[in-house]
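Asker: Need coordinates for the following:
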Amino acid sequence: MKTHSLLSAVLFSLLMISCVYTSMLSPVYAVEATIEEKGLTILNDVVGLDITKYAVATKEYPHDNASLYRSVVPQETVGYVLTYESSKLRVLCTFANGNLQILHVLENEGEPSLTKSASIPSIVDLAKAFLGNYQKYTANSFYGELALTLDDVDVNENR
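Answerer: Predicted coordinates for the structure are as follows:
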């Protein structure tokens with residue numbers, strides 16, 4: 001009987017120690033993509049650049065109070081220099097609350113390496129494709145609705 005009580009006490013102690021140890025561990029959170037990773041994903045999945053072929057140099061710009069989106073939301077800006085054979089692109093991506101706000105193509109030399117063949121017939125179709133890809137990326141139907149507004153655009157008439 002003494003052995004049974006001792007064994008029960010040891011098991012109870014081990015159980016208590018593991019409960020205390022488990023409660024002291026920090027909870028596990030999903031790893032969120034960095035701003036640099038988000039920008040590269042957008043350049044690959046939304047813009048259609050084949051990022052796997054490029055040598056990529058990144059530069060994250062420091063936060064300052066002058067760069068608030070709508071004077072409230074802090075912005076994060078990351079720059080990329082993408083080089084592949086005779087192609088060179090310099091791009092800036094600005095994010096607010098983790099969402100893309102502005103994508104600047106600062107320099108474009110040579111022929112870019114794309115994930116799909118560039119068979120889009122007009123600039124309007126290119127804009128629709130971009131908005132469709134961005135809608136898929138963000139899962140926000142607003143960008144699909146925005147693409148629909150381009151249906152009535154006639155490039156030859158609206159100059």
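Asker: give me the element residue 60 is part of.
Answerer: strand 55-61 (DSSP states H and E).
Asker: Pull up the pairing partners for that strand, direction included.
Answerer: With DSSP bridges as the test, strand 55-61 is paired with strand 73-84 (antiparallel).
Asker: Domain boundaries for the chain, per the record?
Answerer: Following automatic domain parsing, one gets these domains for the chain: 32-115, 120-159.
Asker: in the shortest one, what's buried?
Answerer: Applying a neighbour-count criterion of 16 or more other CB atoms under 10 Å, the buried positions in domain 120-159 are 124, 128, 129, 130, 131, 133, 134, 135, 143, 146, 147. Glycine gets a C-beta too; all of them are placed from N, C-alpha and C.
Asker: Quick one: name whatever helix or strand follows the lowest-mean-pLDDT helix or strand in the chain.
Answerer: Ranking every helix and strand in the chain by mean pLDDT, DSSP states H and E puts helix 2-24 at the bottom, with a mean of 52. In the C-terminal direction, the helix or strand that comes right after helix 2-24 (DSSP H and E) is helix 35-42.
Asker: tell me, what residue is most central in this protein?
Answerer: In the chain, the C-alpha nearest the mean C-alpha coordinate belongs to residue 38, at 2.2 Å (CA atoms, centre = their mean).
Asker: ok, that residue - contacts?
Answerer: Residues near residue 38 by CB atoms under 8 Å, 6 or more residues apart in numbering: 93, 95, 98, 100.
Asker: Buried ones from the residues you listed, can you make that a PyMOL selection?
Answerer: This is how PyMOL selects the buried members of the contacts of residue 38, with burial counted by 16+ other CB under 10 Å:
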select buried, resi 93+95+100
